[in-house]
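Enquirer: from the sequence below, what's the structure:
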Amino acid sequence: MWTNVLLGLLIPWVILIYLYKKSPLLGILMYPLGVTIAFVANDWGFLLFWEVEPIHKNPSLPAIPISVGYFPLITNLFAYVKEKKPIDTWKLILLFSILTTFIELLVLWSGKIHYYNGWNILWTYFTYLAGFVVVNVYIKMLKKHHVPI
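Expert: Sure, this is the predicted structure:
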């Protein structure tokens, strides 16, 4: 569990604080979205498709640090890069989806995540892809309503 706290919460929070200092409003707007996407996806998938070590009676408990650290971090990083760098949106979505899927593949190989019922790394990729599409739609909605990010 300490690994989950260190790698899933503490290190991401250090980076999130740095990003917040660079763009406070972006951090305030993206953090809750990242947490929401994480909890929706994880609550849907726990025990049905995957499980996170250490195994606990409450299967979402080991993923809480990751859901409030790592996932909001990748949401913030995506939004930050999208707003600050002239990169085609679909290329950015694909790049972030591939990178986060690769990170999850490393975690899968380490034995910290277990897949069940036909779930595999390709389905994981599509889950990340959908998440980044949601983040992109959210950013477009903010811009449409003239929210400066």
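
Enquirer: report the distance from the one helix or strand Asn136 maps to to the chain centre.
Expert: Element membership for Asn136, per DSSP states H and E: helix 121-144. On the basis of CA atoms, centre = their mean, to the nearest Å, helix 121-144 sits 10 Å off its chain's mean C-alpha point.

Enquirer: in that helix, what counts as buried?
Expert: Thr124, Tyr125, Thr127, Tyr128, Leu129, Gly131, Phe132, Val135, Asn136, Tyr138, Ile139, Leu142 (16 or more other CB atoms under 10 Å). For glycine as for every other residue, the C-beta is placed from the backbone atoms N, C-alpha and C.

Enquirer: run a quick neighbour tally on Gly45.
Expert: Per other CB atoms under 10 Å, the neighbour tally for Gly45 reads 22.

Enquirer: got the phi and psi for the spatially most central residue of the chain?
Expert: Note on the chain: the residue nearest the mean C-alpha position is Phe71, at 2.6 Å, using CA atoms, centre = their mean. Dihedral angles of Phe71 (phi, psi; degrees, to the nearest 10) stand at phi -70, psi -40.

Enquirer: Lys57 now?
Expert: Taking degrees, to the nearest 10 as the convention, Lys57 sits at phi -60, psi -40.

Enquirer: other residues contacting stretch 131-149?
Expert: Outside of stretch 131-149, the residues within contact range by CB atoms under 8 Å, 6 or more residues apart in numbering are 23, 25-26, 29-30, 33-34, 37, 41, 75, 78-79, 82-83, 89, 92-93, 96-97.

Enquirer: list buried residues within those residues.
Expert: 23, 26, 29-30, 33-34, 37, 41, 75, 78-79, 82, 92-93, 96-97.
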